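Engineer: This is a predicted model, with the sequence first.
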Amino acid sequence: MSNTSENPKPSSSSAKMTLKTSDNELFEVEEAVAMKFCTVKQYFEDEKDSDVAARGSTTVIPLPNVHSAVLATLISYGKKLPQSNAVADNHEEEETKKKERKKYEQGLLKNLMPGELLDLISAANYLDFKEGLEFFNQALADHIQNKSVEYVRKFFGIKNDYEPHEEEKYREEYAWAFEGVDED
Amino acid sequence: MWCRKICKIMDVSFPLNSGKNRKFRKKQNAKKRRKRIDDLPDPIIQHILSYLSTKEAVRTSILSKRWKYLWTSIPKLDFNEGALDRRMMFMKIVERVLALHDPSDIKKFSLSCNVQYDTSHINAWICSVVMHKVQVLKLYLRNFQELLALPPCLFTCESLEVLTLHMFHSLKLPSSISFSRLKFLALEKVIFSDDHSTQQLFTGCPILEDLSIIDCIWKNVKAVCISSPMLQRFFITDKYLLDDENDDKDDLNAEADDQNDFNGCQVVIFGTSLKSFSFDGQLINDYCFYNPSSIVDASIQFFKRDAEYDFLDAHRVFKLLSGLGNVEKLTLDVGALEVLSYAKELFAHQPVFYKLTHLNFESGFPIEFDLEALLTIIRNSPCLNYLSFGTQVCLPTYCGNHDLIMNPVPSCFVTNLETIEIFGFCGDEKEMHAVKILLGSASVLKRIVIICDEFYFDSHGDLKKKQKEIFEQILLFPRGSRSCTVHFLLGISKAPRYSG
């Protein structure tokens, strides 16, 4: 079943591409956005070389490592980025768009659980989506900043397999790194 | 299908036991398990770790055995020595982190610490990062108890693109200097040792684009030439004599900033690509541009020295201005123009700024509009489009002066000047007179923007009410240009309040 993206009317200048996720969902995405996923871009360019006639909507690009929910978020984020082929906005329009983007980003992060964030990072890495990777990695880093080791373990679901005396030894050796941490 | 999609996405945040969507959730769980960080391969985790600060990355070694060495590939290391009583621990950790780092590149290394007697350790660390192909190196070293000679390998580092060195210490340089990739160099408080090595340093940066020399000590150098062909931005500060407390002064360098019998270093700049030049401080050194310069954007902030140097400073200011003939945007401290009056013979030879469109006058004191050197600059800028005064601009009110000033009217006032901005306006008699003259003589002016000094008006409460009156008075001044609007802002942070 095809899932059309938010633009109801495909404009003549923007070609669309179809991406197929691991759970067999099809996403129709504008070329400009899809090209931000370098893996897709590479695949598309390889396809183009081999088949001159096929273009855009007739090619379905498989993404076996990406689940639909994750792809939906990544596409949504990609759409909000400044488009490389967009007409240069004047200063005011740029400022408005920036504010909108910030609001969107905050909203996106607020409801994200750690597992989802990791899925997004993993998918962005697979798709070679640089801006997405940068954004989600930074979000993750920001979240665990200044948090205690116990918090980070719980957050990521990491099981501590050190012996207590081992852990104590490392804490002492790296005492410099433990200054100024929220012990929660 | 759109509906189904929405349900799937919302599903994720429902608590585990909600009966409502059990059917969908079962499907979900079967298809994928939420990723845990330990499922991710090492390269992805290492990439995530590269977004953490050094301290945080090191801490992850304690998360679990798998994480013990994952952090050792982080490309960015930042060490800032805290309190002195933790020094031993600090030294140990830097040593350990560098020793444990895997062979991958250390792209950025930043070190801020006291040196004391540990020069050999610090040099070993620098060598280590050089071997790890460091690209950005920032060093802030202080409290030397022994002489430091930075390792020679630093000066032939082929990967280095950015180097910041802040130390109040003599710069002992090796005989071979070759920064083949260095684009950005900043030296702060450095004491140059001699002509030859200093010259070699600047010559050894063939693709340098940005050079900042901040409060360095030149007394051991007589002349140097800066000729990097790709140099675009050159920023100099010479304010160390103004600084009463040099925090970095220690036993080794107590006498270093004594300036007796020092006429300054002659710094010749061959700037074929130079676009931006900024000087801030006292003209202890003699700067001059060799060829007709390509500088587009310049800023000169000037601090006066003792009266015995006035004549010399006047000539040095003149030399600087002469090298800026092609500038398009200029910020000029009025102090520099005031000192020019000590060498009036130079006035006739003032350069003409044929391309100057933006001129900003800055000052710590109210600007006297009838300053001869100031008027000369305006007269010598035929294409001036934008003129601003960073603080109050004043004109004494006696008539005699008035005639001379605008006689003849500077050509740019008649042909090009469209915007005048005045900051720090307090509304006194002299300022009003200056505004009157400006409004009256600028015949193609489109706007005059007057920004009030908020602090002045806030502290003189009764004057605040007068602001509207002042504005209305200004509206009545005869305008040389029919299409000119007066904008009266009550402060920098406040939106325009009155316009007319």
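Structural biologist: Arrived safely. Numbers count the residues shown, from 1 in each chain, chains lettered A, B, ... in the order given.

Engineer: can you list the weak-confidence ranges in the chain?
Structural biologist: In the absence of a named chain, this looks at chain A. A:1-14, A:50-58, A:84-89, A:180-184 (pLDDT under 70).

Engineer: The intended chain is chain B.
Structural biologist: Using pLDDT under 70, chain B drops low at B:1-35, B:244-247, B:250-261, B:292, B:397-404, B:464, B:494-496.

Engineer: what ranges do the strands span in the stretch 201-350 of chain B?
Structural biologist: Applying DSSP state E, counting those that start in this stretch to the stretch 201-350 of chain B gives strands spanning B:210-214, B:223-226, B:233-238, B:266-269, B:276-281, B:286-289, B:297-302, B:329-333.

Engineer: for the ones you listed, which one sits closest to chain A?
Structural biologist: Nearest to chain A among the strands of the stretch 201-350 of chain B is strand B:329-333 (19.0 Å), distances taken as C-beta to the nearest C-beta. Every C-beta, even on glycine, is put in place using the N, C-alpha and C of the backbone.

Engineer: strands paired with the closest one, and their directions?
Structural biologist: Its sheet considered, strand B:329-333 pairs with strand B:297-302 (parallel), strand B:358-362 (parallel) by DSSP bridges.

Engineer: Return the distance of the shortest one from the chain's centre.
Structural biologist: In this case it means strand B:358-362. Computed by C-alpha atoms, centre = their mean, to the nearest Å, the chain-centroid distance of strand B:358-362 equals 17 Å.

Engineer: Please apply the same query to stretch B:68-82.
Structural biologist: Averaging C-alpha positions (C-alpha atoms, centre = their mean) puts stretch B:68-82 28 Å from its chain's average.

Engineer: Start and end of it, how far apart?
Structural biologist: Taking C-alpha to C-alpha, to the nearest Å, stretch B:68-82 runs 25 Å from one end to the other.

Engineer: Identify each buried residue in stretch B:347-360, please.
Structural biologist: B:Q350, B:P351, B:F353, B:L356, B:T357, B:H358, B:L359, B:N360 (16 or more other C-beta atoms under 10 Å in any protein chain shown).

Engineer: got the contact list for the first one?
Structural biologist: Spelled out, it's B:Q350. Contacts for B:Q350 (C-beta atoms under 8 Å, 6 or more residues apart in numbering or on different chains) come out as B:F318, B:L321, B:A373, B:T376, B:I377, B:N380.

Engineer: got it, and the second one?
Structural biologist: B:P351 makes contacts with B:L321, B:S322, B:L324, B:G325, B:N380, as judged by C-beta under 8 Å, 6+ apart.

Engineer: if we can go back for a sec, want to try a markdown table for the strands paired with strand B:329-333, with distance to A:E100 as columns?
Structural biologist: Conversion of the strands paired with strand B:329-333 to a markdown table gives the following (distance: least, C-beta to C-beta, whole Å):
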| stretch | distance to A:E100 |
| --- | --- |
| strand B:297-302 | 33 |
| strand B:358-362 | 33 |
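
Engineer: Which of these sits closest to A:N137?
Structural biologist: Nearest to A:N137, of all these, is strand B:297-302, at 36.3 Å by C-beta to C-beta.

Engineer: Between strand B:233-238 and that closest one, find me the angle.
Structural biologist: Relative orientation of strand B:297-302 versus strand B:233-238 (axes from the mean of the first three to the mean of the last three C-alpha atoms, to 10 degrees): 0 degrees.

Engineer: quick one: contacts of strand B:297-302?
Structural biologist: Residues from elsewhere that reach strand B:297-302 (C-beta under 8 Å, 6+ apart): B:275-283, B:317, B:320-321, B:324, B:327-333, B:335-336, B:339, B:362.

Engineer: about what we covered before: got the contacts of B:Q350 as TSV, with neighbour count and distance to chain A columns?
Structural biologist: Shown next, in TSV, are these (neighbours: other C-beta atoms under 10 Å in any protein chain shown; distance: C-beta to the nearest C-beta, whole Å):
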residue	neighbour count	distance to chain A
B:F318	21	39
B:L321	24	33
B:A373	22	36
B:T376	16	36
B:I377	24	31
B:N380	19	33
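
Engineer: still on that earlier bit, which among the contacts of B:P351 gets closest to A:K80?
Structural biologist: Of the contacts of B:P351, the one sitting nearest to A:K80 (C-beta to C-beta) turns out to be B:L324, at 44.2 Å.

Engineer: Pretty sure the closest one sits against B:F277.
Structural biologist: Yes. Using C-beta atoms under 8 Å, B:L324 makes contact with B:F277 at a distance of 7.4 Å.

Engineer: okay, and the common contacts of those two?
Structural biologist: B:S293, B:I295, B:A298.

Engineer: Kindly give a single ChimeraX line that selects the buried subset of those.
Structural biologist: A single ChimeraX command suffices to select whichever of the shared contacts of B:L324 and B:F277 are buried according to 16+ other C-beta under 10 Å:
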select /B:293,295,298
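
Engineer: which residues does the nearest residue to B:A314 once chain neighbours are set aside contact?
Structural biologist: Using C-beta to C-beta, 6 or more residues apart in numbering or on different chains and skipping residues adjacent in sequence, the residue nearest B:A314 is B:A343, 3.6 Å away. Residues counted as contacts of B:A343 (C-beta under 8 Å, 6+ apart) are B:F311, B:A314, B:H315, B:F318.

Engineer: Count the neighbours of B:V268 for me.
Structural biologist: Neighbourhood size, B:V268 [other C-beta atoms under 10 Å in any protein chain shown]: 15.

Engineer: give the contact list for it.
Structural biologist: Residues near B:V268 by C-beta under 8 Å, 6+ apart: B:A223, B:V224, B:C225, B:I226, B:C288, B:F289, B:Y290.

Engineer: again, but for B:G491
Structural biologist: Here B:G491 is in contact with B:I451, B:C452, B:D453, B:E454, B:F457 (criterion: C-beta under 8 Å, 6+ apart).

Engineer: ditto for B:V393
Structural biologist: By C-beta under 8 Å, 6+ apart, the residues touching B:V393 are B:F361, B:P366, B:I367, B:F369, B:I422, B:E431, B:A434.

Engineer: so it bridges to which residues?
Structural biologist: In this entry, B:V393 is beta-bridged to B:I367, by DSSP bridges.

Engineer: and the gap between it and B:Y386?
Structural biologist: For B:V393, the distance to B:Y386 equals 15 Å [C-beta to C-beta, to the nearest Å].

Engineer: How about the residue sitting nearest the centre point of chain A: what's its closest non-neighbour residue?
Structural biologist: Closest to where the C-alpha atoms of chain A average out (C-alpha atoms, centre = their mean) is A:G132, at 3.8 Å. Leaving aside its sequence neighbours, A:G132 sits nearest to A:A124 (C-beta to C-beta, 6+ apart; 4.0 Å).

Engineer: what bridges to B:D238?
Structural biologist: Bridge pairing for B:D238 - DSSP bridges - gives B:G281.

Engineer: That one: how many residues sit nearby?
Structural biologist: If we define neighbours as other C-beta under 10 Å, then B:D238 has 22 of them.

Engineer: On the three-state scheme, the residue of chain A most remote from its centre is what?
Structural biologist: Residue farthest from the centre of chain A, counting by C-alpha atoms, centre = their mean, is A:H165 at 39.4 Å. Taken by DSSP: H, G, I helix; E, B strand; the rest coil, the conformation at A:H165 corresponds to helix.

Engineer: what about burial for the contacts of B:A343, which qualify?
Structural biologist: Among the contacts of B:A343, those that count as buried by neighbour count (16+ other C-beta under 10 Å) are B:A314, B:H315, B:F318.

Engineer: just the helices in chain A please.
Structural biologist: A:31-34, A:38-50, A:68-80, A:91-110, A:114-127, A:130-144, A:149-156, A:164-173 (DSSP state H).

Engineer: What lies in contact with the longest helix anywhere in chain B?
Structural biologist: Looking across chain B with DSSP H, the single longest helix is helix B:461-476. Taking contacts as C-beta under 8 Å, 6+ apart, the residues outside helix B:461-476 that touch it are B:427, B:432, B:435, B:439, B:450, B:452, B:456-458, B:486, B:488, B:490, B:497-498, B:500.

Engineer: quick one: that helix to chain centroid distance?
Structural biologist: With C-alpha atoms, centre = their mean, you get 37 Å for helix B:461-476.
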